[in-house]
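Asker: need a structure here:
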Amino acid sequence: MIDINKLLYELSYHESDPVLFNSGFFFYYFALFLMCYLLVSKSKTGRVWVYTLFSLYFFYKACGYYVGLVILSAIVDFNLSRWIHESPDKTKKKSLLILSIFLNIGLLFYFKYTNFFIGIINDLSAGHIFALKIMLPIGISFYTFENLSYTIDVYRDEIKPVDNFMDYLFFLSFFPKLMMGPIVRAADFIPQISAPYRLSSEDIGKGMYLIMGGLFKKIVISDFIYQNFVQYIFDDPSKHTGLECLIGVYGYALVIYCDFSGYSDMALGIARWTGFKIPPNFDSPYQSSSITEFWRRWHISLSSWLRDYLYIPLGGNRKGKVRQYINLALTMLIGGFWHGASWNFIFWGAMHGGALALDKVRIDWLKQSKVVITGWKATVLKVLGVLITFHFVCFCWVFFKASTFHDAWSLIHQVVYDFQPEIAMELYNGYTAVFWVMVLGFILHFLPSKFEFSMEKILGRVPVAGSVAIMVAFIWLLIQVKSTQPMIPIYFQF
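Answerer: Prediction:
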């Protein structure tokens, strides 16, 4: 007999137990969603309503009544964009755009940065303003940027506003990308809403590969490495040798990549199974041979958003070299602040901005000098570039992950002054499984892209019954190796 109270409890929001892609609840939720979605798949209106209602419920399970913010944001920007489009007065158009920017940024600022600035005021004036009890709504940074890109694109006459409010709410609340991205542009997504739902063997294979690969990266690699090694290092770096700290940083580089890209891959796979193609968010970023290339491969939706809606409006490369370098640095500084209300994130963004500006100087010099390097020298430079870029990114991750500047410098101090390489074998014996999972993670990361395409084709040829069997077997395997308590994704806080 069904226990109604227990069922109602499971269906309700609980702050300590938000819904996750890798949670048991999500598998039941997704199975029910797919069943309902397939029942209405021939009707555009039916698909929109089913997807939107399930998405809003998914958001409610993630952050409670803050789901109302998504609906409110959709109402505001749906109407403002239409008024912008219909207004013949350029001044009025600009005023409405400024209002949209002010409302969106204001909402984000209130929830994400109010207490940060209260802290600054208290520090500067020895004030005693009490911090507010504000819970950051999950996904607000992502859907705020989607709202902004939509109204800006309408203002620029690059897209026409949608006529149906439910279409816009569907776009904004689309649950695969709602909480952790990718940041999807309306111009890429909205035209797909009216397209007939068709699922090809390529979609099945691609979707299955992305979902399985994402779950594997998140649960088997990221969660395992973090919970069994990395968290101990960053909790108090001063208690560990420099060798442990250095391996901990390498481990965190894998953790944050596999955690975030794993969730992004699952979002892409779920979208693909339901008839939507959203742009990839990662492209093997640690294979990059320069910091410029890294930001073309890492969190692609954010870096392209910052380029199109911040860097280029600031002047981009149109106002001289010095201004270009300043624009690059400023864009990444703001990108760091987007990640969170912390000086660590600002410093992390500033380091990447400075590195991008220096790399632009290098690129410009190579173009002017017309130096062409080929053969083995090019290969050596490529490898050196990958190693230098990876270690610079890892150095920056120290400040991104550490709770305070003191903890970050403490870790760096241990690496420089207390390395102790003689404990290598003892360390290996204590964390053998962790280190082999790290090796596996890096091997998978550096596999050529043709391996991925081959796996997708193989999975695409499997009959439906076989696909179901593979997914069931894979999920059973994950259950055997995953921790009892799912680890909250890192980018949940952004």
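
Asker: mind giving me the domain split of the chain?
Answerer: Domain assignment for the chain by automatic domain parsing gives 12-193, 201-493.

Asker: Ser410 and Arg185, how far apart?
Answerer: Per C-beta to C-beta, to the nearest Å, Ser410 is found 41 Å from Arg185. Where you see a C-beta, it was placed from the backbone N, CA and C, and this is true even at glycine.

Asker: More neighbours: those two, which one.
Answerer: Per other C-beta atoms under 10 Å, whichever of Ser410 and Arg185 has more neighbours is Arg185, with 22 against 18.

Asker: Helix, strand or coil: sort out the nearest residue to the more buried one once chain neighbours are set aside for me.
Answerer: Spatial nearest neighbour of Arg185, chain neighbours left out: Ser149 (5.6 Å); criterion: C-beta to C-beta, 6 or more residues apart in numbering. Classification of Ser149 by DSSP: H, G, I helix; E, B strand; the rest coil places it in helix.

Asker: which helices and strands does whatever helix or strand Gly269 lives in pack with?
Answerer: Assigned by DSSP states H and E, Gly269 belongs to helix 242-273. Under the contact definition 3 or more C-beta pairs under 8 Å, 6 or more residues apart in numbering; DSSP states H and E, helix 242-273 sits against helix 175-178, helix 201-215, helix 224-225, helix 231-235, helix 375-401, helix 405-417, helix 424-430, helix 432-445.

Asker: Give the residue spans of the chain that score low on pLDDT.
Answerer: Residue ranges of the chain with pLDDT under 70: 1-2, 126-127, 464-465, 479-486, 490-494.

Asker: Could you give me the buried positions within the longest helix belonging to it?
Answerer: Of all segments of type helix in the chain, defined using DSSP state H, the longest is helix 90-125. By 16 or more other C-beta atoms under 10 Å, the buried positions in helix 90-125 come out as 93, 96-97, 100-101, 103-104, 107-108, 111-113, 115-116.

Asker: Check stretch 391-410 too.
Answerer: Buried residues in stretch 391-410, counted by 16+ other C-beta under 10 Å: Phe392, Val393, Cys396, Trp397, Val398, Phe399, Phe400, Lys401, Ala402, Asp407, Ala408, Ser410.

Asker: Check stretch 22-42 too.
Answerer: For stretch 22-42, the neighbour count (16+ other C-beta under 10 Å) marks Asn22, Phe26, Tyr29, Phe30, Phe33, Cys36, Tyr37, Val40, Ser41 as buried.

Asker: out of the residues you listed, which one sits closest to Ile247?
Answerer: Asn22 (25.2 Å; C-beta to C-beta).

Asker: Ramachandran angles for the closest one?
Answerer: phi -100, psi 20 (degrees, to the nearest 10).

Asker: distance of it from Val468?
Answerer: Distance from Asn22 to Val468, counting by C-beta to C-beta: 19 Å.

Asker: can you check Pro161 too?
Answerer: Taking C-beta to C-beta, one finds Pro161 at 41 Å from Val468.

Asker: neighbour-wise, which of these two wins?
Answerer: For Pro161 and Val468, the more surrounded residue by other C-beta under 10 Å is Pro161, and the numbers stand at 21 against 11.

Asker: Return the distance of the more buried one relative to Glu202.
Answerer: Using C-beta to C-beta, one gets 32 Å for the distance from Pro161 to Glu202.

Asker: Next: Phe142.
Answerer: Taken as C-beta to C-beta, the span from Phe142 to Glu202 is 27 Å.

Asker: Of those two, give the one with the bigger neighbour count.
Answerer: Shown here are Phe142 and Glu202; by other C-beta under 10 Å, Phe142 has more neighbours (23 against 13).

Asker: Phi first, then psi, for that one.
Answerer: Dihedral angles of Phe142 (phi, psi; degrees, to the nearest 10) stand at phi -80, psi -50.

Asker: how distant is stretch 70-88 from the center of its chain?
Answerer: Stretch 70-88 has its C-alpha centroid displaced from the chain centroid by 26 Å (C-alpha atoms, centre = their mean, to the nearest Å).

Asker: same deal with stretch 318-331?
Answerer: Here the centre of stretch 318-331 is set off from its chain's centre by 26 Å, with C-alpha atoms, centre = their mean.

Asker: now stretch 151-158
Answerer: Taking mean C-alpha positions (C-alpha atoms, centre = their mean), stretch 151-158 and its chain are 25 Å apart.

Asker: Touching it from outside, list them.
Answerer: Defining contact as C-beta atoms under 8 Å, 6 or more residues apart in numbering, one finds that stretch 151-158 is touched by 77, 80-81, 84-85, 93-94, 97, 100-101, 159-161, 185-187, 309.

Asker: again, but for stretch 86-99
Answerer: The contact list for stretch 86-99 (C-beta under 8 Å, 6+ apart) reads Leu80, Trp83, Ile84, Thr151, Ile152, Tyr155.

Asker: ok, of those, which one's closest to Phe175?
Answerer: Phe175 lies nearest to Thr151 out of the contacts of stretch 86-99, by C-beta to C-beta, at 22.4 Å.

Asker: list the buried ones in the following helix or strand past the helix holding Gly269?
Answerer: The helix or strand immediately downstream of helix 242-273 is helix 291-297, counting by DSSP H and E. Using 16+ other C-beta under 10 Å as the test for burial, helix 291-297 gives Ile291, Thr292, Glu293, Phe294, Trp295, Arg297.

Asker: Same list (those residues) but as a markdown table, adding distance to Phe58.
Answerer: Below are those laid out as a markdown table (distance: C-beta to C-beta, whole Å):
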| residue | distance to Phe58 |
| --- | --- |
| Ile291 | 36 |
| Thr292 | 36 |
| Glu293 | 35 |
| Phe294 | 32 |
| Trp295 | 30 |
| Arg297 | 29 |
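
Asker: can you give me the helices in the stretch 1-150 of the chain?
Answerer: Secondary structure of the stretch 1-150 of the chain (DSSP state H, counting those that start in this stretch): helices located at 4-11, 24-39, 44-63, 67-86, 90-125, 140-155.
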